[in-house]
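>>> take a look and give me a structure for this.
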Amino acid sequence: MDFINPLANEYCAQFSNSTPSFLRDMYEATLASHPHAHLQSSWTQGGFLAFLSQIMAPKRILEIGTFTGFSTLCLVEGLTSEGEMHTIELRAQDAQTAKNNFTKLAPNKNITLHQGDAKEILPPLNGPWDMVFIDADKTSYIDYYTIVLPQLNKNGIIIVDNVLFHGDVLQDTVTGKSAKAIQAFNEYVANDTSTQQVMLTVRDGLTLIRKK
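Numbering: from 1, shown residues only. Purely as a prediction, here's the structure:
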């Protein structure tokens, strides 16, 4: 779901070309057939992830929330030849769809998909991580952040999606479990003196976080 005016999003997409064009069919297939298609990163947001990855040339990437794999395939665009990508998806059906997409569209990339509860899967996964993308259940964002931050490389970044949560966090009184969780997460990160962060109005809001 987009927070920014849809016309602005369409205009930005018209003047952006960083999203890998070979992902168009799988991207459109998810939009057309998945009952929760709004969970997929937008086309331009995918390009933003690919752009950052290509700049950073990460060796190790972690994603929490695979969905059908579009954001994963954007993130691995800059992955080094010896690098590895770990991505976690709770739902078995989406995990299988993502695996099929990886096999078809990125057979030469080292992608490991973990299916299950991220809070159980994350602790045994050792860092360091060069890039982390958090886009899963909003009520667990603080948990994910506190687990992965110590494992983040000195020059690594954490990217967090949906930090504006459809604009709900802009209301005088924030209501709804997920919106309240996002507001609590935003405040938690803002008060973390060990990190530096910038919040961007891309789609539904992205926050980039790095260690000071």
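
>>> quick one, helices of this protein?
Secondary structure of the chain (DSSP state H): helices located at 6-14, 24-33, 43-56, 70-75, 92-105, 118-121, 141-148, 177-190.

>>> now for the fifth one, which elements pack on it?
The helices and strands touching helix 92-105, judged by 3 or more C-beta pairs under 8 Å, 6 or more residues apart in numbering; DSSP states H and E, are helix 24-33, helix 70-75, strand 84-89, strand 111-115. Backbone N, C-alpha and C define where each C-beta goes, glycine included.

>>> pull out the buried residues from that helix.
Taking 16 or more other C-beta atoms under 10 Å as the basis for neighbour counts, the residues of helix 92-105 that come out buried are 94-95, 97-99, 101-102, 105.

>>> okay, now the unreliable bits of this structure?
For the chain, the stretches flagged by pLDDT under 70 are 1-3.

>>> hmm, what's the outermost residue in it?
What lies farthest from the middle of the chain is Asp172; by C-alpha atoms, centre = their mean that is 27.5 Å.

>>> alpha carbons of stretch 166-182, as CSV, please.
Taking Å, rounded to 0.1, in the frame of the first residue of the first chain, the C-alpha atoms of stretch 166-182 are listed here in CSV:
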residue,chain,number,x,y,z
HIS,A,166,-0.4,4.2,5.6
GLY,A,167,-0.2,7.5,7.4
ASP,A,168,-1.8,6.2,10.6
VAL,A,169,1.3,7.3,12.7
LEU,A,170,0.5,10.9,11.6
GLN,A,171,-2.7,11.0,13.6
ASP,A,172,-3.0,12.8,16.9
THR,A,173,-4.0,9.5,18.5
VAL,A,174,-2.4,6.5,16.9
THR,A,175,-4.8,3.5,16.9
GLY,A,176,-4.6,-0.1,15.8
LYS,A,177,-2.1,-2.7,16.9
SER,A,178,0.3,-2.5,14.0
ALA,A,179,0.3,1.3,13.8
LYS,A,180,1.0,1.5,17.5
ALA,A,181,3.8,-1.0,17.1
ILE,A,182,5.3,1.1,14.3
